[in-house]
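Chemist: sequence and predicted structure are below.
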Amino acid sequence: MEHLPLIFPFLREVWDLVFDLFRTKDLNQEDPLAMIEHCPNNYFKNPIVNRTWSLILGFILWNVWKERKKAIFQDQTSSSASTWGLVKENKRETIMLERCDLDDWKANLHETTIIVSLKLAQNMSIP
C-alpha cells in the first residue's frame, strides 16, 4: 500500500485528515500504516467510534479508487477535501446511526470530538 500515494497524490492528504482525527496520545503513530497495524478495531471505548474506525480505511480506498477512475477515464480530478467528504457521507450511511441506543453515544472527550467532527450526531442528541 506504500505505493498508493504515488499513484494518487492526494491519498496522503486524505489519510492525514483521518489519522489526525483518530490519533491518540498513546497511539501517536506518524505513519498511517503503522497506526492501522497498532490500533485494533476495538481500540476505542465508544462502539460508534469503533465501528467508524473499523470501516474508515475501506471507505478511503473505495473513494480514492473511484476518484482515480474518474481521473483516468473522464479526465476529471477532485480535491482531497471533496474525497474526504464522500468518505464521511458513505460512512454515515453505512453505520446506521438510527439503530444506536443512548448507551452507544457515551463517549470520552476524544471520541466526542470524532463523533462531532464526522457529523455522526447530526439529527441526534448526545447525552
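Modeler: Yep, it's here.

Chemist: what stretches of this structure score poorly on pLDDT?
Modeler: For the chain, the stretches with pLDDT under 70 are 1-9, 24-33, 41, 96-98, 122-127.

Chemist: if we use 80, what do you get?
Modeler: Low-confidence segments of the chain, defined by pLDDT under 80: 1-12, 15, 19, 23-43, 90-103, 121-127.

Chemist: residue nearest the middle of it, spatially speaking?
Modeler: residue 56 (3.9 Å; C-alpha atoms, centre = their mean).

Chemist: my read: that one touches residue 17, true?
Modeler: No - counting by C-beta atoms under 8 Å, residue 56 stays clear of residue 17, with 10.5 Å between them. Backbone N, C-alpha and C define where each C-beta goes, glycine included.

Chemist: identify the residues contacting the residue nearest to the centre of the chain.
Modeler: By C-beta atoms under 8 Å, 6 or more residues apart in numbering, residue 56 lies in contact with 18, 22, 87, 91.

Chemist: and what of residue 86?
Modeler: By C-beta under 8 Å, 6+ apart, the neighbours of residue 86 are 63, 66.

Chemist: pull out the buried positions in the longest helix along the chain.
Modeler: In the chain, with assignment by DSSP state H, the single longest helix is helix 47-73. Neighbour-count burial for helix 47-73, counted by 16 or more other C-beta atoms under 10 Å, picks out 47-53, 55-57, 59-60, 63-64, 67-68.

Chemist: of those residues, closest to residue 37?
Modeler: residue 57 (11.3 Å; C-beta to C-beta).

Chemist: distance of the closest one relative to residue 65?
Modeler: 12 Å (C-beta to C-beta, to the nearest Å).
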